[in-house]
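Asks: have a look; sequence and predicted model below, questions after that.
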Amino acid sequence: MASGSPIAEWSFPADPGSVRTARAMVRQALSDWGLESSVDVAVLLVSELVTNSLRYASGPIGVRMVLLSGGGLLVEVSDPLPDPPQERTAAPDDEGGRGLQLVACTSRRWGTRRGKSGKTVWFELSVAG
């Protein structure tokens, strides 16, 4: 990470309206950083991960974005549930189960890590600034 890299961080309540708010905040931050070409993908993936957190966790949801040197964007979504999400193959008729597949197929790297309380799911995107 480059010294002085832009960082944006938010905490949202475990409330369905937080998904919309997270999308708006991510969209605004990326626009402020001149990364309009990355907005749609980043907003979609953040929306998927925040929705997953809402489905399973009852505490606050953190979203953090860091502009990395070398044309990368790190996005982290954290919640108080320690269990990592499970990637699964959704059947054609399933209404859900594709969020992590979408993250895996769209990002250049992704993963999970445990924290002192809870977990973080992260992904990196290639961005053009």
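Replies: Arrived safely, thanks for sending.
Asks: what does the pLDDT read for the residue nearest the centre of the chain?
Replies: The centre of the chain sits closest to residue 46, judged by CA atoms, centre = their mean, with a distance of 3.5 Å. Taken from the predicted model, the pLDDT recorded for residue 46 is 97.
Asks: grab the nearest non-local neighbour of it.
Replies: In this structure, residue 46 finds its nearest non-sequential neighbour in residue 26, 5.0 Å apart by CB to CB, 6 or more residues apart in numbering. (Glycine included, C-beta is placed from N, CA and C.)
Asks: the residue nearest to the centre of the chain in helix, strand or coil?
Replies: Secondary structure of residue 46, reduced to three states by DSSP: H, G, I helix; E, B strand; the rest coil: helix.
Asks: residue contacts, it?
Replies: Counting by CB atoms under 8 Å, 6 or more residues apart in numbering, residue 46 makes contact with 22-23, 26, 63, 75, 77.
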